[in-house]
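J.: Kindly return the folded structure for what I paste below:
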Amino acid sequence: MTAEELTEQVRSRYARAATQVRGGATNVEVLDETESSCCDASDVVVGDAFGERLYSAEETGELPAEAVAASLGCGNPLMVAALNPGETVLDLGSGGGIDVLLSARRVGPTGFAYGVDMTVEMLELARANAEKAGAENVEFLQGTIEDVPLPDASIDVVISNCVVNLSTDKPAVLREMYRVLAPGGRIGISDVVAEDHLSPEERASRGSYAGCIAGALSRAEYLDGLAAAGFTDVQVEYTHQAVPQMHNAIIRATKPA
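T.: Below is the predicted model of the structure:
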């Protein structure tokens, strides 16, 4: 498939997920559809590595049910990013808004949380969730993670939850993270990461592109790509298996001061 076709496949999948959630679907039901096309390995339950179960009941308890139901990520980037009051946060691929809303709580009224997403249906869902949550220090912007609609050096922390793997131009995403961060800023993201020995073809054999598997970077590709973008203190740490030889991981890096 071409890059344009893959991007449309991803957009369509997540537009459909947003529509399902607004129609009353649970997180498990939305994930089940992803699993049916995501994983060829019969001994792996992909849902164990994705979705709302990666958040604590305390985190999700006061959020709108639709924000929790739309959580399709592979981690909890707020556990990685260690947000502080007053910081400005950007969530790349913000979906139904769960990580933006949680970030807004962490940074408090003196901070701010942005979400960027390309999918109109997800943006509508996220904005509705923010209104239900009474969150005033948030804004959801339509755009791509390869071309973020925010100025240079305007962000303290970039987070993302299982979205970089969906991009067809990952070097551009890493450059955009670097561009929007203020000097001394940092990234704390969750993503699916392949073991270094897996070829792109072997990754694709384990699951679909829209299912967050086929497009995953390897650990070495992440380390090299972030360093090439200018980041320092780069770390890629596996947390648990998503599918065989591919893992949910946390990725940290810093923009030099």
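J.: T119 and E201: what is the separation?
T.: Note on T119: its distance to E201, by CB to CB, to the nearest Å, is 28 Å. In short, each C-beta sits where N, CA and C put it, glycine included.
J.: The two: who's more crowded?
T.: Per other CB atoms under 10 Å, whichever of T119 and E201 has more neighbours is T119, with 22 against 8.
J.: give the contact list for that one.
T.: Going by CB atoms under 8 Å, 6 or more residues apart in numbering, T119 touches 11, 14-15, 18, 95.
J.: measure it to S190 for me?
T.: Taken as CB to CB, the span from T119 to S190 is 19 Å.
J.: same question, A128
T.: 24 Å.
J.: Those two: which is more packed in?
T.: S190 (27 against 16).
J.: hang on, the more buried one packs against A249?
T.: Yes: counting by CB atoms under 8 Å, S190 does reach A249; the two are 7.2 Å apart.
J.: anything in contact with each of the two?
T.: Counting by CB under 8 Å, 6+ apart, the shared contacts of S190 and A249 are G75.
J.: Secondary structure element holding H240?
T.: H240 is part of strand 232-243, with elements assigned from DSSP states H and E.
J.: Sheet-wise, list the partners of that strand with their directions.
T.: Applying DSSP bridges, strand 232-243 is found paired with strand 246-254 (antiparallel).
J.: Now find how far off-centre the strand it pairs with is within its chain.
T.: Put simply, strand 246-254 sits 11 Å off its chain's centre (CA atoms, centre = their mean, to the nearest Å).
J.: quick one, what contacts the closest residue to E59 other than its chain neighbours?
T.: Nearest in space to E59, with sequence neighbours left out and distances taken as CB to CB, 6 or more residues apart in numbering, is L102 at 5.9 Å. By CB under 8 Å, 6+ apart, L102 lies in contact with 55, 59, 63, 78.
J.: So what's the residue count around Y238?
T.: 14.
J.: Equivalent analysis for M1, please.
T.: 10.
J.: any chance you could map the helices in the stretch 151-257 of the chain?
T.: Using DSSP state H, counting those that start in this stretch, the helices of the stretch 151-257 of the chain run over 170-180, 200-204, 219-229.
J.: Just give me the lowest mean pLDDT stretch among these.
T.: With a mean of 95, helix 200-204 has the lowest mean pLDDT of these.
J.: Can I get that helix in PDB, CA atoms only?
T.: The C-alpha coordinates for helix 200-204 follow below in PDB (Å, rounded to 0.1, in the frame of the first residue of the first chain):
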ATOM      1  CA  PRO A 200       9.600  -4.900   8.400                       C
ATOM      2  CA  GLU A 201       8.100  -7.900   6.700                       C
ATOM      3  CA  GLU A 202       8.200  -9.900  10.000                       C
ATOM      4  CA  ARG A 203       6.600  -7.100  11.900                       C
ATOM      5  CA  ALA A 204       3.800  -6.900   9.300                       C
END
